[in-house]
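Novice: no sequence for this one, just the structure:
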């Protein structure tokens, strides 16, 4: 995990995955060749098929929440979590890691979070301002990604706070659903679920501000330091 304090030099940029377009060196070529040997561009692998299944379960999950079928929604989420766990094990154990899988996995997590938010908000279990805060942060990151791309850089790596906040939100909303499915334990699950929700939303935006500061620092790096080479022509 890269350190986000202080200045950002060329080596830090390579470790962050943000590199000016056309700027190539022996080291970066070697790193990219190594990554190609480990992370493939295959689509129909077992882990990816499990991720596709998780994505297909998102609308089912949302429909169950809206319909008030909280127990079935929880079972769907548990099944989805198991497939998430399995696809990670299979990808590492059988060398089936892929670029598509690296995109599908976090996308499925976020879609389940959004589905839970929208479903619970439609039933007035959580307020809509919570939905706006969490969705607004992802829109904010999308804008930062566009800024990075327009300046010739790739996306920044996921910060540990981003991982912690996603973990909090991914489990906070199901905990609130447990209170609806099993009212007898609501006195425990409601305060616990809200603690995870509020803490997760706070960390979500804290990580977003870190991404913002790193985006500003990266785009301020003079591109003149790296030779600009055509993406289509050599020399």
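Specialist: Sure thing, it's come through. Quantities reported herein were computed from a predicted structural model and do not represent experimental measurements.
Novice: list the buried residues for the longest helix along the chain?
Specialist: If you go by DSSP state H, the chain has its longest helix at helix 186-219. For helix 186-219, a neighbour-count test (16 or more other Cβ atoms under 10 Å) marks 189-190, 192-194, 196-197, 200-201, 203-205, 207-208, 210-211, 214-215, 218-219 as buried. The C-beta positions use only the backbone N, C-alpha and C, and glycine is treated the same way.
Novice: same check on stretch 107-120?
Specialist: Buried, per 16+ other Cβ under 10 Å, within stretch 107-120: 108-120.
Novice: could you pull up the mean pLDDT of stretch 77-86?
Specialist: Mean pLDDT, computed over stretch 77-86, is 89.
Novice: list of residues touching it?
Specialist: When contacts are defined by Cβ atoms under 8 Å, 6 or more residues apart in numbering, stretch 77-86 is touched by residues 50, 51, 53, 54, 57, 61, 105, 108, 109, 112, 174.
Novice: figure out how far it is from the centre of its chain.
Specialist: In terms of Cα atoms, centre = their mean, to the nearest Å, the centre of stretch 77-86 is found 16 Å from the chain centre.
Novice: next: stretch 83-99.
Specialist: 17 Å.
Novice: ranges for the strands of the chain?
Specialist: Under the criterion DSSP state E, the chain carries no strands.
Novice: care to break it down by domain?
Specialist: 32-123, 126-223 (automatic domain parsing).
Novice: check those for me: which has the lowest mean pLDDT.
Specialist: Looking at these, the weakest mean confidence is domain 32-123, a mean of 86.
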